[in-house]
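**Q** Okay, here's the prediction I keep looking at, along with the sequence it came from:
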Amino acid sequence: MRLTRRSMLGATALTVSMTALAACSQDPGSGGGEGGSTGSSDGGGGGGEQIAADQNDINAKERDELGEGGVLRLANNAFPANWNPFHSDGNERNTSDMLRAIFPLELWTSNAAGEVTANPHYVARLELTSEDPQVMEIELNDGMTWSDGTPINFTSIENAFTTMDGSKEDYGIASSEGYNKVEKIEQGDSDLVAVVTFAEKYADWMGLAAVMPDSLAASAEAFNSSWQAEPLVTAGPYKIGSIDAANKTVVLEPDENWWGDKPLLNQVLFTTIEDPAATATSFQNGQLDVIETTVPATYSVVEPMIGSGATLRSAAGPNWTHITLNGAEGRPLADQAVRQAVHRAIDREEVFLAVNATMPYPEDTEPLNNHLLMTNQEGYQDNSGDLGTYDPQAAKALLEEAGYTLEDDVATKDGKPLEITYVYNDGSKTNEAVVPVVQEQLKAVGITMKVQKVPPTDLFAKYVIPGEFDLTLFGWVGNPFLASGDSIWRSEGEQNFGKVGNEETDALIDQAAVETDPAKRLELINQIDANLWELAGVIPLWQSYDFFVQHDDLANFGAWGFQRPDWTTIGYVAGSDKLEG
């Protein structure tokens, strides 16, 4: 069965990873999921052209055009806090990017247009066999095994569904969205077939298909802790060659037990470099083959290399940058009026330009005024109303409504000044550019903003997920399943780090998740978005374009957009000097 982007309605952001399931993944990026769209800019960006949602740039080549050999040297900006992609701490882009080469992170795949199909490396069949009740069947390929020797079969699928449905309270899952709508999972006519019956229709059913090793599902302790140092079980075209936690490097090598097409590269090396300037210098010095360049600190260094052995590859995918506000009880931003004041106090145009003025974004880039749909997606509309418009006087009025008075240019209530803490990952050039702008704008309406820099590996695990922040900026990485972001917006959603929501919005999310009519679903999505603006828990900043500068000869890698990478096809073109590396 083939689902198009129209029927799946494109991606919502994951962030927050993309893990393989229906969850989005969070992306600290070079500091926070950088990218580009302004809050009503008349310019900004380096004059690039608008990119359609169904276009990407990965130097696509057929296998017979490529050679065997070579080393692909990549960088990320944070070493994994947990290698378990199903766990909240492992649901992070850097981790997902590495796991896709060694683990069946998705049993589905998608192309540049967001068309979703079964992943042929793992799945023989993935389809609905009944509409009422809704029944999904997953048939795995025969002969697959985990690296510990256990078969990848019905039990592997059952592990994923029964662990991720939220019924095991001690398991720190990334998200139960969709899995909590499953009534039962049964073995089909062989131990390779799972029959999944839903209690109610779920529009993004295909995104739930997943497998989990027995050892990872065995206990809460195993699930939460056993993969903190390394992934103990793999099943992909590559395997772990070595992990050096002290130097934060990971070496992948071809897995001789892989059942599919032989991977082309001799080795893939991931190096964690937390300073974006150092990453750019490493590329400039020939120590990296690819750099994801999303801020001027990196782009300005590598731009002169474009056209001289390196190519800029761009796409406008389902990823976006935002500021999350912590509205949890007892926090300074628990009051909705105060959160709305923060929205009105921040000039999103100035924030965008502080980061992206010299980046190759399109002239007259559209603002991102929707939490659920990107500017180039079907159904996108601006639901921001007044809350998307910069107005310091309106911000002050909202603070007065919340009981604050302005004394000596400081908002106070019951004698206490309004003070909030902005937490970000140390070394983030995006945040370093954004912090002084936001700090000054909030100061202008009487809000004192303190700044706390934390280690990149700790940002989510120790601060964002536990709620130890008032403001934080990062990116959500999306996928072709609209419901993948539901846990960000639900009142009790696992990815709702700011704890902002209400019953009305939860009900609309429930309706949209089971609505299979595309037009009706888009109407519900935009109703949800209008509610999210009023709740004022997240400030959308810009749609994050993919910008990769990479070696000319590298193929089937780069600015993915909606597409999922296939690690059996990534390599260097035949005749390239890189094949000798």
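**A** Perfect, I can see it now.

**Q** all contacts plus neighbour counts: C-alpha atoms, from now on.
**A** Fine.

**Q** residue ranges with poor pLDDT in the stretch 101-250 of the chain?
**A** Across the stretch 101-250 of the chain, nothing is flagged by pLDDT under 70.

**Q** can you give me the strands for it?
**A** Listed in chain order, the strands of the stretch 101-250 of the chain (DSSP state E, counting those that start in this stretch) span 108-110, 116-118, 123-131, 134-140, 182-187, 193-198, 238-244, 249-254.

**Q** How far away from the center of its chain is the longest one?
**A** Taking Cα atoms, centre = their mean, to the nearest Å, one finds strand 123-131 lying 27 Å from the centre of the chain it belongs to.

**Q** which non-adjacent residue is nearest residue 184?
**A** Once flanking residues are discounted, residue 184 sits nearest to residue 197: 5.4 Å by Cα to Cα, 6 or more residues apart in numbering.

**Q** next one: residue 232
**A** Nearest-residue entry for residue 232: residue 226, 7.8 Å, with adjacent residues in sequence omitted and distances by Cα to Cα, 6+ apart.

**Q** picking up where we left off before, just send the strands of the stretch 101-250 of the chain back as a markdown table, with distance to residue 573 too.
**A** Formatted as a markdown table, the strands of the stretch 101-250 of the chain follow (distance: least, Cα to Cα, whole Å):
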| stretch | distance to residue 573 |
| --- | --- |
| strand 108-110 | 23 |
| strand 116-118 | 27 |
| strand 123-131 | 28 |
| strand 134-140 | 32 |
| strand 182-187 | 44 |
| strand 193-198 | 38 |
| strand 238-244 | 20 |
| strand 249-254 | 18 |
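
**Q** Minimum distance to residue 334: which of these has it?
**A** The closest of the strands of the stretch 101-250 of the chain to residue 334 is strand 182-187. By Cα to Cα, the value is 33.8 Å.

**Q** And the closest one, how far out from the chain middle?
**A** Mean-position distance between strand 182-187 and its chain equals 28 Å (Cα atoms, centre = their mean).

**Q** Within its sheet, name the partner strands of it and how each one runs.
**A** Next to strand 182-187 in the sheet, as set by DSSP bridges, lie strand 193-198 (antiparallel).

**Q** List the buried residues of the partner strand.
**A** Buried residues in strand 193-198, counted by 16 or more other Cα atoms under 10 Å: 193, 194, 195, 196, 197, 198.

**Q** quick check, distance from that strand to the centre of its chain.
**A** That offset, for strand 193-198, works out to 27 Å (Cα atoms, centre = their mean).

**Q** next one: stretch 151-163
**A** Mean-position distance between stretch 151-163 and its chain equals 24 Å (Cα atoms, centre = their mean).

**Q** Quick one: residues in contact with that stretch.
**A** Outside stretch 151-163, the residues within contact range by Cα atoms under 8 Å, 6 or more residues apart in numbering are 140, 143-146, 171, 173, 179, 185, 187, 191-194, 209-214, 217.

**Q** Now restrict those residues to buried residues only.
**A** Buried members of the contacts of stretch 151-163, scored by 16+ other Cα under 10 Å, are 140, 144-146, 171, 173, 179, 185, 187, 192-194, 209-214, 217.

**Q** Low-confidence regions, this structure specifically.
**A** Low-confidence segments of the chain, defined by pLDDT under 70: 1-25, 28-49, 581.

**Q** which residues of the stretch 51-200 of the chain fall in helices?
**A** 93-99, 154-164 (DSSP state H, counting those that start in this stretch).

**Q** Tell me which of these sits nearest to residue 301.
**A** Shortest distance between residue 301 and these, using Cα to Cα, is found for helix 93-99: 22.4 Å.

**Q** That closest one packs against which elements?
**A** Helix 93-99 makes packing contacts with strand 25-27 when contacts are defined by 3 or more Cα pairs under 8 Å, 6 or more residues apart in numbering; DSSP states H and E.

**Q** rewinding a little: now render the helices of the stretch 51-200 of the chain as JSON lines, adding distance to residue 388 and mean neighbour count.
**A** Listed next are the helices of the stretch 51-200 of the chain as JSON lines, based on distance: least, Cα to Cα, whole Å; neighbours: other Cα atoms under 10 Å:
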{"stretch": "helix 93-99", "distance to residue 388": "28", "mean neighbour count": "23"}
{"stretch": "helix 154-164", "distance to residue 388": "36", "mean neighbour count": "22"}
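
**Q** Of all those helices, which one comes closest to residue 403?
**A** helix 93-99 (40.6 Å).

**Q** now the closest one, how far from the chain's geometric center?
**A** Relative to the centre of its chain, helix 93-99 is centred 10 Å away, using Cα atoms, centre = their mean.

**Q** Give the other helices and strands that the lengthiest helix in the chain contacts.
**A** In the chain, with assignment by DSSP state H, the single longest helix is helix 518-535. Using 3+ Cα pairs under 8 Å, 6+ apart as the contact test, the elements touching helix 518-535 are helix 5-8, helix 336-345, helix 503-514.

**Q** Can you say which of those is packed in most?
**A** helix 336-345 (a mean of 25; mean count of other Cα atoms under 10 Å).

**Q** List the contacts of that one.
**A** With contacts defined as Cα under 8 Å, 6+ apart, helix 336-345 is touched by 325, 327, 333, 386-392, 394-399, 401-402, 441-442, 445, 534-537, 539.

**Q** Which residues belonging to the following helix or strand past it are considered buried?
**A** Beyond helix 336-345 on the C-terminal side, the first helix or strand identified by DSSP states H and E is helix 348-356. Neighbour-count burial for helix 348-356 flags 348, 349, 350, 351, 352, 353, 354, 355, 356 (criterion: 16+ other Cα under 10 Å).

**Q** check contacts around residue 236.
**A** Residues near residue 236 by Cα under 8 Å, 6+ apart: 100, 101, 102, 103, 104, 255, 258.

**Q** Chain neighbours aside, what residue packs nearest to it?
**A** The nearest residue in space to residue 236 (Cα to Cα, 6+ apart) is residue 102, at 4.0 Å.

**Q** quick one: that neighbour and residue 241 touch, right?
**A** No: here residue 102 lies out of contact with residue 241, judged by Cα atoms under 8 Å, at a distance of 10.8 Å.
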